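>>> Let me see the structure of the following:
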Amino acid sequence: MSKTFSAAPQTRRSRPFRALEPFARLLLLMPLTLSLGGCLNWPVFSWGSGQPSRETTAALTTPGVEDSLQRLKETFEQLRPNHQELRPDDPNIALFGEILGRIVQDHVRVVEPSTLIEGAIKALHKVIDGKSGETSPPLNDRGLMEVAITGMMSGLDPYSSYLNPENYRNMQAQTHGEFGGLGIEITLDPKTGLIRVVAPIDGTPAAEAGLRSGDLISEVDGVSIKGLTVVQAVFRMRGPTGTSVRLTVRRGETGVTQVISLVRRVVKLHPVQFRVENKTIGYVKITTFNERTSTELEDAVAKIKQTTGHQLSGLVLDLRNDPGGLLDQAIAVADDFIASGEIVSVRGRRSAEGRSYDASGDGLIPGLPMVVLINGGSASASEIVTAALQDHKRALVFGTRSYGKGSVQTVSPLPDSGALRLTTARYYRPNGTPVDCVGVSPDLEIKAPPTPGHPEEPHQDPATCADLSVPPIKPSLLRMADYCPDGPQPLASVDTKAAAPETASTGGETPTPTPASPPTTDDKTSAGSPPSAPPPLGNTGAGTGAKAEPDLPLRCAVSALQARRILNHP
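Numbers count the residues shown, from 1 in each chain. Prediction:
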């Protein structure tokens, strides 16, 4: 089924949402030189329209910025052999200036250049004091500048980072299946500095080992990863297929840790799984939004219709523990169920930098009732789909509040053959509220059986949420008794005998290309009161298809659909 989406961008000076332009923007970069009393010229580059905006120019030419840059220069020189003075044409200086200019120009929040530079100075002082956390502190100019850049970006948000040439090549190679992964979406936990699991992907080493949303990873192969960026942690976990990696994982508020071993492999993802429940109810689970998701969804619905003898009476769309994926696929999936209207809008820092995506009028099951299942592991693209269906009153949402990851990361190459991954915009649902930090609240809250250490609220991230004043949307006052008055009933599944084609992925937290490229919406199981001590990690059945406990949200959804209790939901 071919789709044409309405994307109506307003006129704007810079266009960070274009598809392949970031890979050609280096040809358009124009330097802005900041003079530091004749001591050193720092070439600062901006990107987008080919020249820095007036706002960026003004921000980068204040005396405070010049003073900070001078102190950075002096700190950098303290770490060079014999305190050698930096040359004005030093390529590392140019790289720092390039990244600084891009952050000031395009980050989703207004960031003071002096604050960024102070972060770089602080990181270099840790090297001077021997507190950088590196076993062998990099003392060459390139290594020192990477320390400075990482320090500069550490205060932005968990998703923005610098990819040096090696990491950028590894990221590109990963998309071709040359590196093994664990099948896990991760982010930075701002409170602990550790790596937090957003969600494991079903059928991957991470899910099979029992990793869960909310788990904190503190060590990889016995080496602490505290203080690393998400990208740095990802590359610590990746490696050749067939090799093992040991993760030290903390679960729950007790802080009890365990070491688990996983074997890296090229993950074979089935983005769509489906079956028929109780003869007339379709069940579709989307595990990730990759380039095949919408096509496999359409095939799945067609086969479900055939299996039911074209007597399909309702559909359950399961987006639990789906960490997200490609924006265009989220739009395509939502469009499969929405007749008209906005699906999602993307808004940058400036009001002129916006784009909305509308439904095309197609529909796979027009008029049939739907229930969407979500939990704390539903993030990004899965939140876009859920919010669109909820706002258009196309489906009821059962489960627990979603993760709240609704920001856009743009990856653009740098002159050093590395790349900059920068949060440049946020996603907004049709009712105008953000997805980022707020998440999506269910219409009917149904908690899964208690598991340890999983908060019900989305994980707030002060770095990206500080300028969002919109309170979380409270769940509707719907009751379980209204939809499952007899309690969730046992299910009678029908195997459709139609496995989805395999697509290769190494899993892992993958940096996001630019939104029209298309972007990933680049990514937690909710719990009640945790028991006194967490169970062993190991293989708990989470994410593997094993059902240690009855699937209450799914049972209730099927019961409600079969009894026709949500034909005319509010």
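
>>> Could you list every helix and strand that the strand or helix carrying A557 packs against?
Element membership for A557 (DSSP states H and E) is helix 552-562. Applying 3 or more CB pairs under 8 Å, 6 or more residues apart in numbering; DSSP states H and E, we find helix 552-562 packed against strand 281-286, strand 314-318, strand 370-374, strand 396-399, helix 480-483. Quick note: C-beta positions are derived from backbone N, CA and C, even for glycine.

>>> Dump these into JSON lines; add mean pLDDT, distance to R236 and mean neighbour count as well.
Shown next, in JSON lines, are those (pLDDT from 0 to 100; distance: least, CB to CB, whole Å; neighbours: other CB atoms under 10 Å):
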{"stretch": "strand 281-286", "mean pLDDT": "96", "distance to R236": "29", "mean neighbour count": "26"}
{"stretch": "strand 314-318", "mean pLDDT": "97", "distance to R236": "32", "mean neighbour count": "24"}
{"stretch": "strand 370-374", "mean pLDDT": "96", "distance to R236": "30", "mean neighbour count": "27"}
{"stretch": "strand 396-399", "mean pLDDT": "94", "distance to R236": "33", "mean neighbour count": "28"}
{"stretch": "helix 480-483", "mean pLDDT": "81", "distance to R236": "44", "mean neighbour count": "15"}
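
>>> Between the ones you listed, which one is closest to R169.
Of all those, it is strand 281-286 that lies closest to R169, at 30.6 Å by CB to CB.

>>> Relative to that closest one, what are the paired strands and their orientations?
Counting by DSSP bridges, the strands paired with strand 281-286 are strand 272-277 (antiparallel), strand 314-318 (parallel).

>>> Neighbours of the closest residue to L116 other than its chain neighbours, how many?
Ranked by CB to CB, 6 or more residues apart in numbering and with sequence neighbours excluded, the top spatial neighbour of L116 is M152, at 4.7 Å. Close neighbours of M152, defined as other CB atoms under 10 Å, add up to 26.

>>> what kind of secondary structure is S294 in?
helix (DSSP: H, G, I helix; E, B strand; the rest coil).

>>> Give me the nearest residue to it, chain neighbours excluded.
Nearest residue to S294, sequence neighbours excluded (CB to CB, 6+ apart): A332, at 3.6 Å.

>>> re earlier: out of the helices and strands packed on helix 552-562, which comes closest to R421?
Nearest of the helices and strands packed on helix 552-562 to R421, taken as CB to CB: strand 281-286 at 25.0 Å.

>>> Quick one: residues in contact with that closest one.
With contact meaning CB atoms under 8 Å, 6 or more residues apart in numbering, strand 281-286 is reached by 202, 271-277, 293, 297, 300-301, 304-305, 308, 312-320, 322, 333, 365, 382, 493, 554, 558, 561-562.

>>> if you set the cut-off to 7 Å instead, what comes out?
With contact meaning CB atoms under 7 Å, 6 or more residues apart in numbering, strand 281-286 is reached by 271-277, 293, 297, 300-301, 304, 312-319, 322, 558, 561-562.

>>> thinking again about what came up before, can you list the helices and strands packed on helix 552-562 in CSV and add distance to T56?
Listed next are those as CSV, based on distance: least, CB to CB, whole Å:
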stretch, distance to T56
strand 281-286, 40
strand 314-318, 43
strand 370-374, 39
strand 396-399, 41
helix 480-483, 52
